[in-house]
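1. For reference, the sequence and a predicted model appear below.
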Amino acid sequence: MNRPKVLQAWLWCVSLWPCWLPHAVPLDCKDETGSFTQCTSISQEKLLDRVIQHAELIYRVSEESCTLFEDMFIPYPLHYLRNQGGNLCHSKPFPIPGSKSEIQQISDKWLLHSVLMLVQSWMEPLIYLQTTLNRYDDAPDALLNKTKWVSDKLLSLEQGVLVLIRKMLDEGILTTSSIFEHTLTPYNEQSPEMLESILRDYNLLICFKKDAHKIETFLKLLKCRQSNKLSCLSY
Amino acid sequence: MRNSGAVLILTFIAKLILQAAGVSPPGKPRLTSCRSPEKETFTCWWEPGGDGGLPTTYALYYHLENSETVYECPDYRTAGENSCYFNKNDTSLWVNYNITVVASNALGKNISDPVEVDVVYIVQPNTPENVTAVVVHDEQGPFVRVSWEKPRTADTRSGWITLIYQIRVKQEKDEKWEEYDAGMQKYYNVFSLHPDKECMVQVRCKPDHGFWSEWTQTTYVKMPNYIPRERSLWILITIFSIFIVLILTWTLNVKRNSMKLCLLPPVPGPKIKGFDKQLLKSGKTEEIFNTLVIQGFPPTTDYENLLVEYLEVYDNEEQELVLDGKELSEDFMKSKSSSDNDSGRGSCDSRTLLLEKCMDGREGSGSDQHQYSQHGETSWASTESSESQGAEPGSPESTDGRAKTWPVVFPQPHHHYPVGAVKPAYHNVPEILNQLSPHATPSNYHQLHHQDIPQQELRFSKSACRHSQSYNQFNLDSIDTPAPGVPPLPSLEYVEVQRVNPENMLLLRPLSDPNREPERSDCTGEDYSKVKVVTSHNILLLQRDTSHQCVDDYSQADQCTTQQPPHPCKPAVHQWNSVMPQEGMRVMGNGYVDSTVLMPSF
């Protein structure tokens, strides 16, 4: 009884083998004519630099969004309400150390995975943020645009990190963010009162800014760890 | 009721007493700033609010965002007064710290407002270190190279912190600093600094997300004294001058001919008709002199009339001999063939003053005789005495350009030979001699005597041989008086003008007779020598008369290279008697060489 089943399962796996491949296949690039061609390869060094640039940009934009939101919605006396009352940043699958010494001990592999995890964890909340910001009557357009821009950029950043992982670590990863619980669903259901909503949004922005900073820091650490890059010695 | 009222009143009174005493609970402290120099540790500072007159202590308490646990500051000393230093172990990144400061004294305490701090956002590095500025000498000019080190605490090597730098420069007496961004590099070259001025440099740095550090201490550097080479100015000047040179060249090219005339006036060439200048260049003397010989000239008909000893030259008011600077040949031909308007009169403008013409009018009168002497190239030698008042200027006037020969003849101050026009003036001997005989009135004549006149003699340079032989052509047609005792002469008779005496007499001597014996041996002058013989090589052998003090040797040798052969005898200086032309004639006839004899052989 078991044998045929095992054989069947094995046959299935073999026949579905090609299904595993697309995730390891290089991404298709759209060229000028619109047709899909194989992307021109890029060196690992350059890719890392480009990923770092993305992370830097995302951080800057998130910083500006925070400032905009604060100026618009949060009067100064209420600044102390930040992170109070359980408005914490959503938890992560695995904790990230908070001191330099600990972080320096993280291996390259875990650095990259941490970055990927961070990036993937913020994709949903940013979409949510866009919808809530639209609800405000006097939300500035700049804020909305920035939020949209950031969520787009985050997608490209994720792709870049995946390629990096594949190149540097030689492992393929299933591109899915399903591992993250959609903890934000409760937010969608309720329409909380204004202050609460504002504070929650503010908290989101603050947390995102922090995580963007984390991503950037990790990637820069990774860059200077590359053995062929001696430039960090002179910096 | 009463108790509470009593307590209140007591408290109030106590406060009043305390206030009168000046003590009070501490004022509210305030956290001024928290900073992390390397993203690993951080420090917070506060300022006290007032101690209230009593010793006050301060305590800093914090808690992290996730927990309620309150901690106190671990280190109050490291960072100095009113500060709290968090070391590496106490620092967590990406975590908000909630910090408060409590001031307390005997009377009470006071709590500051809380401050939320995330360490990664408060990074302010230390200042850069070892800022050095050196002057580098370059071909373009010196510049200052500023270099520095990163702050010691910043860990850029592992990539934990990324620093970017900025420098600012100020030269003395400038008001504002010039700021330059240096990026992540640790050096910078500063150009465009003024020479001979002191330069101040400062550097600061900033992490990629954080605050600027403080400026370093000023570093001083002195710029050397140099002269900036303004290349662009020199290029402009060069182009401008080239442009001007081009314009000048073009202008000169256009005006080439007139420039040539202006700068280099044409040198008069030999103007002997029928004479080829190229012959002179070729240097063959035989050819040269061959060309000077015009075949068939002069006519040989009246040869016997040409035998005269000397030529008498006179002038009076009416007549003057004019030095004419026209072409020899053409004038000669003209005057020979056509009747001369000047004949008999003093003008005698024509180039070829023929003795004939002038004599025609005076034949028999004995008063108008013209001496015609002709220079090959330049002019006639004419005799003009001061007696012919006003006539003298006439000669120079008419011969301004031809005045070259005036000095030759006239006893004028500038008794020097004109340059290049040193030609012996030759008078045709026969004609000269012809004139002498019919005229016995010495006073009417300008005797061409050799006399003792001061050094106004005619000197003929020895280079005369280089030039064409000039000779006087005389129309001998009219002369029909043979000189006595004179042997027949060849077709051409030449007379050389020896000197002009004070009475403006041309002293001539015929050159036709090479064989005159030296009858007169007394010689008072030192100017010329009697030719004894002409050798076969056309060498004039001059006679030396030992009885006289003849110093100068004059040899009319055709070959200039031939120096006067050393003679034992000195040339005879012939004394010309002003009284007796007859004598002189004889003597003259004896002592001179007819150059015409020599001519064909030239």
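-> Received, thanks.
2. contacting residues for the residue in the stretch 51-200 of chain B that chain A sits nearest to?
-> Among the residues of the stretch 51-200 of chain B, B:G159 lies closest to chain A, at 3.1 Å counting by C-beta to the nearest C-beta. All C-beta spots, glycine's among them, are computed from the backbone N, C-alpha and C. B:G159 makes contact with A:220-225, A:232, A:235 under the criterion C-beta atoms under 8 Å, 6 or more residues apart in numbering or on different chains.
3. Looking at those residues, which two lie furthest apart in space?
-> Spanning the widest gap among the contacts of B:G159 are A:L222 and A:Y235, at 14.9 Å by C-beta to C-beta.
4. so where do the helices sit in chain A?
-> Using DSSP state H, the helices of chain A run over A:2-15, A:17-20, A:44-73, A:100-105, A:108-121, A:123-135, A:141-164, A:185-189, A:194-225, A:231-234.
5. Now do the contacts for the closest residue to A:L157 other than its chain neighbours.
-> Leaving aside its sequence neighbours, A:L157 sits nearest to A:H54 (C-beta to C-beta, 6 or more residues apart in numbering or on different chains; 4.6 Å). Neighbouring residues of A:H54 by C-beta under 8 Å, 6+ apart: A:153, A:156-157, A:160.
6. and if you look at B:H63?
-> B:69-71, B:97-98.
7. After the helix or strand hosting it, which helix or strand is next?
-> Element membership for B:H63 (DSSP states H and E) is strand B:57-64. Going down the chain from strand B:57-64, the next helix or strand is strand B:70-72, by DSSP H and E.
8. What helices and strands are in contact with that following strand?
-> Where contact means 3 or more C-beta pairs under 8 Å, 6 or more residues apart in numbering or on different chains; DSSP states H and E, strand B:70-72 is packed against strand B:57-64.
9. What confidence value was assigned to residue 24?
-> In the absence of a named chain, this looks at chain A. pLDDT for A:A24: 52.
10. right idea, wrong chain: chain B
-> 84.
11. Now the residue lying closest to B:V190 once chain neighbours are set aside: which helix or strand?
-> Leaving out its chain neighbours, the residue that sits closest to B:V190 by C-beta to C-beta, 6+ apart is B:V144, at 4.5 Å. Here B:V144, judged by DSSP H and E, is contained in strand B:143-149.
12. I'd like the next helix or strand past that strand.
-> strand B:163-171.
13. Could you tell me the angle between that following strand and strand B:143-149?
-> Relative orientation of strand B:163-171 versus strand B:143-149 (axes from the mean of the first three to the mean of the last three C-alpha atoms, to 10 degrees): 140 degrees.
14. Does strand B:163-171 pack against any helices or strands, and if so which?
-> Judged by 3+ C-beta pairs under 8 Å, 6+ apart, the packing partners of strand B:163-171 are strand B:143-149, strand B:178-183, strand B:187-190, strand B:198-207.
15. B:N105: neighbour count?
-> Neighbourhood size, B:N105 [other C-beta atoms under 10 Å in any protein chain shown]: 20.
16. Please name the residues that touch it.
-> Residues in contact with B:N105 (C-beta under 8 Å, 6+ apart) are B:25-26, B:51-52, B:54-57.
17. how does it look with 10 Å?
-> B:23-27, B:51-58 (C-beta atoms under 10 Å, 6 or more residues apart in numbering or on different chains).
18. any idea how far B:S241 is from it?
-> Here the distance between B:N105 and B:S241 works out to 88 Å (C-beta to C-beta, to the nearest Å).
19. now swap in B:M259 and tell me
-> According to C-beta to C-beta, B:M259 and B:S241 sit 21 Å apart.
20. What score does residue 219 have for pLDDT?
-> By default, I'm working from chain A. On pLDDT, A:L219 comes in at 93.
21. Not quite, go with chain B.
-> We have a pLDDT of 93 for B:T219.
22. I'd like the distance between it and chain A.
-> Relative to chain A, B:T219 is positioned 21 Å away (C-beta to the nearest C-beta, to the nearest Å).
23. what about that residue, how many neighbours?
-> Per other C-beta under 10 Å, the neighbour tally for B:T219 reads 19.
24. Longest helix of chain B, counting residues only.
-> Looking across chain B with DSSP H, the single longest helix is helix B:231-254.
25. re earlier: mean neighbour count and mean pLDDT added to the helices and strands packed on strand B:163-171, as a markdown table?
-> Putting the helices and strands packed on strand B:163-171 into a markdown table (neighbours: other C-beta atoms under 10 Å in any protein chain shown; pLDDT from 0 to 100) gives the following:
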| stretch | mean neighbour count | mean pLDDT |
| --- | --- | --- |
| strand B:143-149 | 18 | 93 |
| strand B:178-183 | 13 | 93 |
| strand B:187-190 | 16 | 93 |
| strand B:198-207 | 21 | 94 |
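26. With B:T78 as the reference, name the closest of those.
-> Nearest to B:T78 among these is strand B:198-207 (21.8 Å), distances taken as C-beta to C-beta.
27. Is there proximity between the closest one and chain A?
-> No. Against chain A, strand B:198-207 shows no contacts by C-beta under 10 Å from any C-beta of the partner chain, the least distance being 10.9 Å.
28. after that strand, next one along is what?
-> Per DSSP H and E, the helix or strand that comes after strand B:198-207 is strand B:219-222.
29. Just the C-alphas of that following strand, formatted as CSV.
-> Taking C-alpha atoms only, strand B:219-222 is exported to CSV below (Å, rounded to 0.1, in the frame of the first residue of the first chain):
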residue,chain,number,x,y,z
THR,B,219,45.2,74.9,10.5
TYR,B,220,47.3,77.7,9.1
VAL,B,221,49.3,77.6,5.9
LYS,B,222,51.1,80.4,4.1
